[in-house]
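Student: Provide a 3D model corresponding to the input given below.
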Amino acid sequence: MRSLRIVLLLLVALLAWLQYRLWFGSGGEGEVRALQEQVQKQARDNGGLQQRNDALAAEVKDLKNEGGGEAIEERARSELGMIKPGETFYRVVEQANPAPAEASADKPEPAQ
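Tutor: I've put the predicted structure just below:
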């Protein structure tokens, strides 16, 4: 009877040790969950980068086609500010309106 209790105690201790390793040890549930979150984040990042690569590939294809001259001209105009010979360049600068608080600070207060 005593040896049966010892065996039972050893089995319970072994079960407790295995449960501890499953939940808290190396390769346990916590680590698996963290790795799954990392994989999901990386998949989202990869999706965004894939969209950017697709857009760049489409732009390269557009520049290489025969109609690429128009795309090159558009980029030169928008990014470099270039104009064609014979064109006149106009720059429109809008004045910033003073804020209402500044306008009231300039006015003297009426005497009472």
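Student: measure the residue most central in space within the chain to Glu31 for me?
Tutor: The residue lying closest to the centre of the chain (CA atoms, centre = their mean) is Asp45, at 7.1 Å. Counting by CB to CB, to the nearest Å, the gap from Asp45 to Glu31 is 21 Å. C-beta here means a position set from N, CA and C on the backbone, and glycine is covered the same way.
Student: export stretch 45-54 as PDB, just CAs?
Tutor: The C-alpha trace of stretch 45-54 is given here as PDB (Å, rounded to 0.1, in the frame of the first residue of the first chain):
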ATOM      1  CA  ASP A  45       3.700  44.500 -43.000                       C
ATOM      2  CA  ASN A  46       4.300  42.200 -46.000                       C
ATOM      3  CA  GLY A  47       0.900  43.100 -47.400                       C
ATOM      4  CA  GLY A  48       1.600  46.800 -47.300                       C
ATOM      5  CA  LEU A  49       5.100  46.300 -48.800                       C
ATOM      6  CA  GLN A  50       3.600  44.200 -51.600                       C
ATOM      7  CA  GLN A  51       1.100  46.900 -52.500                       C
ATOM      8  CA  ARG A  52       4.000  49.400 -52.600                       C
ATOM      9  CA  ASN A  53       6.000  47.100 -54.800                       C
ATOM     10  CA  ASP A  54       3.000  46.600 -57.100                       C
END
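Student: Which other helices and strands does the helix or strand that Gly30 is a member of contact?
Tutor: For Gly30, the host element (DSSP states H and E) is helix 29-64. Using 3 or more CB pairs under 8 Å, 6 or more residues apart in numbering; DSSP states H and E, the elements in contact with helix 29-64 are helix 2-24, helix 68-80.
Student: residues in contact with the shortest one?
Tutor: Read it as helix 68-80. By CB atoms under 8 Å, 6 or more residues apart in numbering, the residues outside helix 68-80 that reach it are 59, 62-63, 82-83.
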